[in-house]
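Peer 1: Compute the structure for the input listed below.
(chains A and B)
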Amino acid sequence: MRMDTSDETLAREAAGGDAAAFSALVTRHYDRLFRLCFRLTGVRTEAEDLCQDICAALPAKVRAFRGEARFTTWLWRVAVNAANDRRRRAATRARTADGWGDVEDARRAEAAEAAAAMDWLARAMRALPDELRDTVALVMDEMTHAEAGEILGVSEGTVSWRMSEVKKRLRAMKEAVDG
Amino acid sequence: MAEELDDLKRAFEAATPAPDEARKRENIALAQKNFADLQGSRDAARLTVRKGRMSRLLDGVKPMFHALSTKGALTVTTAIVAVGLLVILPKDAMKLPVGGDVLTQSEGAAPPAVEQPKVADDASGGATGATSSIVAAESLAEMSPAPVPVAPSADALSRQRSEDLATQAPAAEESEAFADGDMAAPAPSVAMREKRLVAPGDGMIVLPESDTEAFANAETSPLKVTAEEPVSTFSIDVDTASYAVVRSSLMVGAMPPREAVRVEEMVNYFPYAYPAPEGDDPFRPTVTVMDTPWNPGTQLVHIGIQGTLLPVADRPPLNLVFLIDTSGSMQDANKLPLLKQSFRLMLSELRPEDEVSIVTYAGSAGQVLEPTRAAERSTILAALDRLEAGGSTAGQEGLQQAYAVAEGMAGDGEVTRVILATDGDFNVGLSDPEALKDFIEEKREAGTYLSVLGFGRGNLDDATMQALAQNGNGTAAYIDTLSEARKVLVDQLTGALFPIANDVKIQVEFNPAEIAEYRLIGYETRALNREDFNNDRVDAGDIGAGHTVTALYEVTPVGSEAVRNGPLRYGEAAAVSDGSDELGFFKLRYKRPGEAQSTLIEEPILAGQGEVSDDARFSVAIAGFGQLLRGGEYLGSWGWGDAIALANGARGADPYGYRAEAVTLMRLAETMDR
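Peer 2: Below is the predicted model of the structure:
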């Protein structure tokens, strides 16, 4: 029905109260949003819950969408902020283990062949501080450094620097394993 | 990409699961329900929603949910649409229809201010209905630019307050940040603005600030074929609001909405030093023909109009009535507090015999300050300090009182002006927009002009601002920083407040023997009919003392490979050259203030006419910048880098740093526009 309408048009219509436009938008982007949430949290259940937070809050948020950025850019920014909020809340509840730490959960949840890769991934991601992890999650989602920077509210240069930092750390980790 | 990252990427691809269908449906349904709740059409959306971790027990019955695919969900939402439309249409109807040459592009009306408490109640009811939504509401209050209905605890409220206080100082410093060309600036600005938007209400409830910005604009002026339509007519425009809106968007790290970009207002934002008028002419037009930077096959006809500068000492006494919006939405740091600061700046520029009065409107209109001579500075400042925001907006009532005060102040040989300062809210108390327009027009005829100063973003009603200022022979300016306030109220005080020519119209007739096609760059909302040019009853823009106005035509010479429209097989034969090498003929009409008869200025436009100054080149760079922001339809491969290079090469003296700032904005836009 509205598959040809652009995200930005739909978002503006949704901001104006068009429920069909809003539904079409959420349906269109849910899968990609979930993938990003997974990359941000590292655990499937966490990702589903994060998606729920975002979905619950999105109707109120979309009213503030002004079309100043691309809708996806705006949505990813909402997602990254929501992920940070979840982490903050988790921290205040004195739960030190964050998503990537729950490797055991993940192992049980994922298929066997994924588990090995997952293990390495989990260790790699756990080793990274939050801001590097968010940056990686975005760049791995086929985003340019400029786009990731816009979403994270930092300059393109900062994203590039963070990615080289990530590379450095991964290399160090690999050498530790190999050596 | 390095090997390590490739590994990481492959691991990601392998590890990332598909979203769980059941959770997906639930989450989408939750979003839809919350959306419907927010719109106040909750009864219509009877979607049962399970939340929380318990629902994941249902993962085992996945196949069942597969059957109920998203297609089913979409059908359900179609029912919501119908209800949603019923709710929204009346609100749209409440928007002020603007007449004449202004086209409203409503982005969809959000509920008007008066209905907000109801919406908040509904929404918070909906949000607290489910455990997980409380979490969501919490997170919103912390991080979001969105309108969030939350009833904060006492300490949350005080935190909000302190955040508000904390953001006041940065608001005033914003201009300094970008003067340095600090590319990292947008990030903190975003945070600041988001915090500002969540402002404490009348003590207990944080009301959502709806985003109801409406911009006045029209489709980009199309390319015209000279043989078919040789005459182009428009009204001049000295407003600058669009540039400030563009800047405030770019400074918070977002591209401005296309409809917010009016190229002519961006070009006219900058002061240019075109040749000054001689004798007692109020202004002087200068026509220059130059190469088009973005198209080698076309030329630009640059029309620069310089208004005469009144020596400040000679200016007539001023009577200013400030009509200040003190509705609840004005309490943000970038609105009323900024207005107060701006006002203080302006006060120092007034002469002792000038008179100032303040009228507020907020639910009921009131005169806060009797007409007071500018010499009594402390009285004026004390009245200013007493201003507080609160209540709903009733624009019209206040307007009538302001005009009544202004008429009481008017004396022979004095200039009387009402200056309306608002965040653009005219939703309450506006019974008949046409009557309001007529009212302002009538007062204009009687000699009292109206200027509009816009503050804050969020529900800035640009279209209404434009319409009111145009009908009141005034300028509309958007004030987002203290330095902008200085530019509008101090540096250009004489121009903004002393009209030297009214109803200035420009008509250019192109010679079809020389020019195949032409297009006017910008001025979309200022187009006039051909016959309006000679009709002195048709209103048009005004020029203030010292103002400059720039208009640009891109023209395609006959025989150029850049001609876009091929000849017609059955059309008229090409016009026979009359031996003249004129590209066209420039005509300008204006009225001196208080006169009903217009005066005509005319001159031919010749190939290679005039000398291309830095001012002309800079104005072209800005015109290119504006067109890029609008999508760059006619610019080909000419891009940000070219605009920056052109602007940098034509900065000239730039005593106030406006041009340097423009280059910074171009760089920001370049990084955002991929």
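
Peer 1: use CA for all of it now, contacts and neighbours both
Peer 2: Noted.

Peer 1: The stretch 151-300 of chain B: strands as residue ranges?
Peer 2: For the stretch 151-300 of chain B, the strands defined by DSSP state E, counting those that start in this stretch cover B:214-216, B:224-225, B:231-235, B:283-291, B:299-307.

Peer 1: So which of these is nearest chain A?
Peer 2: Nearest to chain A among these is strand B:214-216; the distance by CA to the nearest CA comes to 10.4 Å.

Peer 1: In the stretch 301-450 of chain B, which residue sits closest to chain A?
Peer 2: For the stretch 301-450 of chain B, CA to the nearest CA, closest residue to chain A: residue B:329, 15.2 Å.

Peer 1: How much space separates that residue from residue B:464?
Peer 2: Separation of residue B:329 from residue B:464 (CA to CA, to the nearest Å) stands at 17 Å.

Peer 1: Worst mean pLDDT across the helices and strands of chain A, which element?
Peer 2: Taking mean pLDDT, DSSP states H and E as the measure, chain A has helix A:103-109 as its least confident helix or strand, at a mean of 45.

Peer 1: sorry, back to before: residue B:329 and residue B:464: which is more packed in?
Peer 2: Counted by other CA atoms under 10 Å in any protein chain shown, residue B:329 and residue B:464 do not tie: residue B:329 has more neighbours, with 28 against 25.

Peer 1: three-state assignment of the residue nearest to residue B:532 when sequence neighbours are not counted?
Peer 2: Leaving aside its chain neighbours, residue B:532 sits nearest to residue B:538 (6.1 Å; criterion: CA to CA, 6 or more residues apart in numbering or on different chains). For residue B:538, the secondary-structure state derived from DSSP: H, G, I helix; E, B strand; the rest coil is coil.

Peer 1: Quick check: phi and psi at residue B:538.
Peer 2: With angles defined as degrees, to the nearest 10, residue B:538 sits at phi -80, psi 120.

Peer 1: Same question for the one 10 residues further on.
Peer 2: Main-chain dihedrals, residue B:548, degrees, to the nearest 10: phi -120, psi 150.

Peer 1: so what's it bridging to?
Peer 2: Taking DSSP bridges as the rule, residue B:548 bridges to residue B:306.

Peer 1: Low-confidence bits of chain A, can you list those?
Peer 2: Regions of chain A meeting the criterion pLDDT under 70 cover residues A:1-3, A:90-120, A:177-179.

Peer 1: What segments of it are helices?
Peer 2: Applying DSSP state H to chain A gives helices spanning A:7-15, A:19-41, A:44-62, A:71-92, A:103-109, A:112-126, A:130-139, A:145-152, A:156-178.

Peer 1: for the stretch 301-450 of chain B, same thing?
Peer 2: If DSSP state H, counting those that start in this stretch is used as the criterion, the helices of the stretch 301-450 of chain B fall at B:336-347, B:377-386, B:395-409, B:433-445.

Peer 1: right, so of those, which gets closest to residue B:479?
Peer 2: Closest to residue B:479 of the helices of the stretch 301-450 of chain B, according to CA to CA: helix B:336-347, at 8.5 Å.

Peer 1: Would you mind writing the CA trace of the closest one as CSV?
Peer 2: Provided in CSV are the C-alpha atoms of helix B:336-347 (Å, rounded to 0.1, in the frame of the first residue of the first chain):
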residue,chain,number,x,y,z
LEU,B,336,11.8,34.7,26.3
PRO,B,337,15.2,34.9,28.1
LEU,B,338,16.9,35.4,24.7
LEU,B,339,14.3,38.0,23.8
LYS,B,340,15.0,39.9,27.0
GLN,B,341,18.8,39.9,26.3
SER,B,342,18.1,41.0,22.7
PHE,B,343,15.9,43.8,24.0
ARG,B,344,18.6,45.1,26.3
LEU,B,345,21.0,45.2,23.4
MET,B,346,18.5,47.2,21.3
LEU,B,347,17.7,49.6,24.1
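
Peer 1: Contacts for stretch A:68-80, please.
Peer 2: Identification of contacts with stretch A:68-80 by CA atoms under 8 Å, 6 or more residues apart in numbering or on different chains yields A:7-8, A:11, A:33, A:37, A:40, A:54, A:65, A:134, A:147, A:150-152, B:144, B:249, B:254-257.

Peer 1: near chain A, which residues of the stretch 501-650 of chain B?
Peer 2: Within reach of chain A by CA under 8 Å from any CA of the partner chain, the stretch 501-650 of chain B has no residues at all.

Peer 1: in the stretch 501-650 of chain B, what residue is nearest chain A?
Peer 2: residue B:629 (11.0 Å).

Peer 1: quick one, what contacts that residue?
Peer 2: For residue B:629, the contact set (CA under 8 Å, 6+ apart) comprises B:255, B:256, B:258, B:261.

Peer 1: For it, what are phi and psi?
Peer 2: Residue torsions, per degrees, to the nearest 10, at residue B:629 are phi -70, psi -30.

Peer 1: And the pLDDT for it?
Peer 2: For residue B:629, the pLDDT comes out at 93.

Peer 1: Format the helices of chain A as a markdown table; extra columns: mean neighbour count.
Peer 2: Below are the helices of chain A laid out as a markdown table (neighbours: other CA atoms under 10 Å in any protein chain shown):
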| stretch | mean neighbour count |
| --- | --- |
| helix A:7-15 | 22 |
| helix A:19-41 | 22 |
| helix A:44-62 | 25 |
| helix A:71-92 | 19 |
| helix A:103-109 | 15 |
| helix A:112-126 | 18 |
| helix A:130-139 | 20 |
| helix A:145-152 | 24 |
| helix A:156-178 | 15 |
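
Peer 1: Against which helices or strands is the helix or strand harbouring residue B:29 packed?
Peer 2: Element membership of residue B:29, judged by DSSP states H and E, is helix B:21-38. If contacts are counted by 3 or more CA pairs under 8 Å, 6 or more residues apart in numbering or on different chains; DSSP states H and E, helix B:21-38 sits against helix A:19-41, helix A:44-62, helix B:62-67, helix B:70-94, helix B:116-128.

Peer 1: Now do the first one and helix A:44-62, the angle between them.
Peer 2: When you say that, I think you mean helix A:19-41. Using axes from the mean of the first three to the mean of the last three CA atoms, to 10 degrees, one finds that helix A:19-41 and helix A:44-62 are set 140 degrees apart in direction.

Peer 1: Can you show me the CA trace of helix A:19-41 as PDB?
Peer 2: Below are the C-alpha coordinates for helix A:19-41, written out as PDB (Å, rounded to 0.1, in the frame of the first residue of the first chain):
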ATOM      1  CA  ALA A  19      -1.300   5.900  12.100                       C
ATOM      2  CA  ALA A  20      -1.000   4.000   8.800                       C
ATOM      3  CA  ALA A  21       2.100   5.800   7.900                       C
ATOM      4  CA  PHE A  22       3.500   5.100  11.300                       C
ATOM      5  CA  SER A  23       2.700   1.400  11.100                       C
ATOM      6  CA  ALA A  24       4.200   1.100   7.600                       C
ATOM      7  CA  LEU A  25       7.400   2.700   8.900                       C
ATOM      8  CA  VAL A  26       7.800   0.500  11.900                       C
ATOM      9  CA  THR A  27       7.000  -2.600   9.800                       C
ATOM     10  CA  ARG A  28       9.400  -1.600   7.200                       C
ATOM     11  CA  HIS A  29      12.400  -1.000   9.500                       C
ATOM     12  CA  TYR A  30      11.800  -3.500  12.300                       C
ATOM     13  CA  ASP A  31      14.100  -6.200  11.000                       C
ATOM     14  CA  ARG A  32      17.000  -3.900  10.400                       C
ATOM     15  CA  LEU A  33      16.300  -2.200  13.800                       C
ATOM     16  CA  PHE A  34      16.500  -5.600  15.400                       C
ATOM     17  CA  ARG A  35      19.800  -6.400  13.800                       C
ATOM     18  CA  LEU A  36      21.200  -3.200  15.000                       C
ATOM     19  CA  CYS A  37      19.800  -3.800  18.500                       C
ATOM     20  CA  PHE A  38      21.500  -7.200  18.500                       C
ATOM     21  CA  ARG A  39      24.800  -5.700  17.500                       C
ATOM     22  CA  LEU A  40      24.400  -3.100  20.200                       C
ATOM     23  CA  THR A  41      23.600  -5.600  23.000                       C
END
